[in-house]
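>>> Provided below are the primary sequence and the corresponding predicted coordinates.
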Amino acid sequence: MEMIAFSKAMYSTWIYYAPDRVLFDCGEGISTMLTNKLFAVKKIFLTHSHADHISGLWGFLNTRSSAMGEREKPLDIYFHKDSQMIKDYLDFIISTGSRLKYELTMHEIDLGDRIDLKSGKMGRYIVPFSTDHMSNEVTLGFQIRESRKRLKAPYHSLNQSEIRELIRKNGRDFITEDYSHSLLTMSGDGNVIDDQYLDDTSTLLHECTFLDSEDRRGDKHTEIGELLEKVKRFKPKKLIIYHISGRYLPNLKEKMREIGKELNQEGIDFSYVSPGKICRF
């Protein structure tokens, strides 16, 4: 996994997932920080219409058309079909900008849609899901899922020679079944995501605005205690938290070491996106 992320709550958030050339959100300053890697992006997925998650689109779209790079490469943008504010902002960008040198396609998506990323036996795709963040708009999280095959349960006790013999007689499909696995779950903004999106994921990328429950105001962002309770129960291989409030910067490293030690005891790798810094994973 290779990922580049920047997130400072209320200011700017974006996450570039390199294996599939996918960008989640497009906060302010992304063109300056991502530089020529913006030409690698094939698809942009927007979680919601708050400015710190979409304000970088104007610069991104126009820089990709004027900077030195592969300016002819097409770009797709995905957002919830009912997000009128995102539609209006994209219309504004297109109407005020110069003619783009690449094909730009807007996709209005709905919950549970499947957006293919890679075809084949180990095909990958993205599924959007609903999050609890805004009252006047459907807000999204995303899962990158991979199609896989596994041995059917009745054959788990067989040894290798017995399995090979069954394959020889009946073919591999006779003893295997298709399933999908979540490589990455990206929470978007909001409260801790529903259990069904935590149950099956290798890497959980989850917002965590508050590192102290006493600082929490309202119920539209995640607090570390409730997140850790869920993470310990579902045990993803890796947890990365982002969207951390800048108020915690003075003691952030110490706090992150404590959390990392706690999760390592549970067999969970832990990382975080430091507020205001470009982080690579």
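That came through fine. Numbering: from 1, shown residues only.
>>> Show me what the host helix or strand of S182 is packed against.
Here S182 sits within strand 176-186, counting by DSSP states H and E. Applying 3 or more C-beta pairs under 8 Å, 6 or more residues apart in numbering; DSSP states H and E, we find strand 176-186 packed against strand 139-151, strand 201-207. From N, CA and C alone the C-beta is placed, and that goes for glycine too.
>>> Mean pLDDT and mean neighbour count added to the ones you listed, as a markdown table?
Below are those laid out as a markdown table (pLDDT from 0 to 100; neighbours: other C-beta atoms under 10 Å):
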| stretch | mean pLDDT | mean neighbour count |
| --- | --- | --- |
| strand 139-151 | 94 | 20 |
| strand 201-207 | 97 | 23 |
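>>> For G27, which residues are in contact?
6-7, 11-14, 52-56 (C-beta atoms under 8 Å, 6 or more residues apart in numbering).
>>> wait, R233
R233 is in contact with L198, counting by C-beta under 8 Å, 6+ apart.
>>> Check the gap between it and S119 for me.
R233 sits 34 Å away from S119, taking C-beta to C-beta, to the nearest Å as the criterion.
>>> what about A18, neighbour count?
15 (other C-beta atoms under 10 Å).
>>> Can you check what pLDDT the model gives the spatially most central residue of the chain?
What sits nearest the mean C-alpha location of the chain, by C-alpha atoms, centre = their mean, is M186, with 3.2 Å. With respect to pLDDT, M186 has a value of 98.
>>> S213 now?
The score at S213 is 87. That number is its pLDDT.
>>> hang on, it packs against L227?
No: assessed by C-beta atoms under 8 Å, S213 is found out of contact with L227, at 11.2 Å.
>>> Those two: which is more packed in?
The residue with more neighbours, out of S213 and L227, is L227; 23 against 10, by other C-beta under 10 Å.
>>> and the more buried one, how far is that from L57?
In terms of C-beta to C-beta, L227 sits 28 Å off from L57.
>>> what's the answer for L198, then?
For L198, the distance to L57 - C-beta to C-beta - is 29 Å.
>>> now G123
29 Å.
>>> what residues are up against the residue lying closest to S182 once chain neighbours are set aside?
Spatial nearest neighbour of S182, excluding adjacent residues (C-beta to C-beta, 6 or more residues apart in numbering): T201 at 3.9 Å. By C-beta under 8 Å, 6+ apart, the residues touching T201 are 143, 182-185, 234, 236.
>>> any chance you could map the strands in this structure?
Applying DSSP state E to the chain gives strands spanning 3-8, 12-17, 22-24, 43-45, 75-80, 104-109, 115-118, 124-131, 139-151, 176-186, 201-207, 238-242, 269-272, 279-280.
>>> Give the other helices and strands that the last one contacts.
Packed against strand 279-280, as judged by 3+ C-beta pairs under 8 Å, 6+ apart, are the following elements: strand 3-8.
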